[in-house]
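**Q** Pasting the sequence and the predicted coordinates here, then a few questions.
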Amino acid sequence: MVTRRTVLAGLGAAAATRLAWLRAAASAFEPALYPPMDLSRFDTPVTPAPAEIRIGYASITWGGHDAQAIEDIAALGYEGVQLRSNILPDWESRPQALADLLAAKRLTFVALSSGGVDIEKPAASEIAAHVAHASFLRAARGKYLQCTDTRPKRALARADYERLGKLLTQIGKRTADLGIALGYHNHMGTIGERPEEVAQILDAADPRYVKFELDIAHYAQGGGDPVKAIRSYGDRLLFLHVKDVEDRPGGSGAWGGAGGYRFVELGRGKVDVKGCFAALHEVKFRGWAVVELDAVPDNARTPKDAAAVNKQFLHTIGAL
C-alpha cells in the first residue's frame, strides 16, 4: 500500500542519491581548474596616460591669404592649422576640396574660428549661424569650433554671464550632434576678458557641451595667470592658443592702441610660455596647442618668418 509516508521517504532517498552523485562529480575536478585570481593589483589606481601635445598654427597672421598660410605652415612642419570663418566664401560649397588640400599638406584641420556669440541678438539666429559653421567644419574633416563673444555696448550685468553660458550650451549641444566639440575662447574686449568673467561664463555653461579654449596671452593680459588656469581647468581644456603679449602704454599696432598692448612672437613678451607647457604636462593634457600671432609686430618680417621664430622658441623650451 502506497502511503504519504512511503512517498516522502522515496523522495528523500532519491535526493540523497542525487546529492551524493553531485559531490562525486565535483570531486573529479579537484583541485580547481582555475586558481583564485589575485585582485590586489586593482587596488592601485590606473595611471593616466602621459601628456601628448600636438602643435598647430593659426592662419590669422596672413591676413586672409589662407592659401599662402596653409603653404607656409605646412612647409615649416607644423602638424595642424586653425582657419577662420572668412574662408567660407571660397570653400563653403566645396569642403571636401579643402579637406583634400589639407591632407595633401599633411595638416590636421584643428579648428575653425566661428566668431563672436552675441547675447543681444535673437538666440535662434545666433545658434543657426554657428551650427552652420560646425556643419561646414565637419564636412571639411575639422575637429573643433571656436567661439568668442560680443561684448554689449553698455555696462555688464551679472545675468549677462549666465545668458552667454546658456547660449553657448545651446550651440554646443547642436554642434555635438554633428560630432564637433565647441570651445569657448577668452578674449580681450569681450564678456570673457578677465579671469573672474571667464569663470562665470564657464560655470553657467554645461561642461558636457562647452569646453574651454584657453588663450594664454589674452588670459594674462586680462589679469590672470595662464599657468594656474591650465591647472584649474585641466579637465575642461579643449585646445589652447599659445601666444605672447607685451605691454605698450599708449602704443599702437597689432591690438595695441587703446589697450596698450600688442601680441609678439613667443618668448618676446611677458607670458610664461614654458611654464604653461610644464602645466600641460602636469595635468597630462592630450590635445592641440595652436600657436597664434594676430599680426606680425615687425614689418621687416613676413608671417612665415614669425612662424619660424615661434617654432624655434618651442624647440628651445622643449615643446617640439
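**A** Sure, I can see it.
**Q** can we go C-alpha only for contacts and neighbour counts from here?
**A** Fine.
**Q** Going by residue numbers, what spans are strands in the protein?
**A** 52-58, 80-84, 108-117, 144-149, 181-185, 210-215, 237-242, 244-247, 261-264, 286-291 (DSSP state E).
**Q** so which of those gets nearest Val271?
**A** Set against Val271 and scored by CA to CA, the strands of the chain come closest in strand 244-247, at 5.5 Å.
**Q** Name the residues that touch that closest one?
**A** 216-217, 221, 260-271, 273, 293 (CA atoms under 8 Å, 6 or more residues apart in numbering).
**Q** What mean pLDDT does stretch 217-232 get?
**A** Averaged over stretch 217-232, pLDDT sits at 97.
**Q** So for that stretch, what gets flagged as buried?
**A** For stretch 217-232, a neighbour-count test (16 or more other CA atoms under 10 Å) marks 217-222, 224-227, 229-231 as buried.
**Q** what sits up against that stretch?
**A** With contact meaning CA under 8 Å, 6+ apart, stretch 217-232 is reached by 186-188, 193-195, 214, 216, 237, 242-245, 263, 271-272, 275-276, 279-280, 282-283.
**Q** now do 7 Å
**A** 186-188, 193-195, 216, 243-245, 271, 275-276, 279-280, 283 (CA atoms under 7 Å, 6 or more residues apart in numbering).
**Q** and the residues you listed, which of them are in helices?
**A** Judged by DSSP state H, the contacts of stretch 217-232 include Pro195, Ile216, Gly275, Cys276, Ala279, Leu280 as members of helices.
**Q** TSV please, covering the residues you listed and showing distance to Glu79 and neighbour count.
**A** Shown next, in TSV, are the ones in helices among the contacts of stretch 217-232 (distance: CA to CA, whole Å; neighbours: other CA atoms under 10 Å):
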residue	distance to Glu79	neighbour count
Pro195	30	18
Ile216	20	27
Gly275	22	14
Cys276	20	20
Ala279	21	19
Leu280	18	22
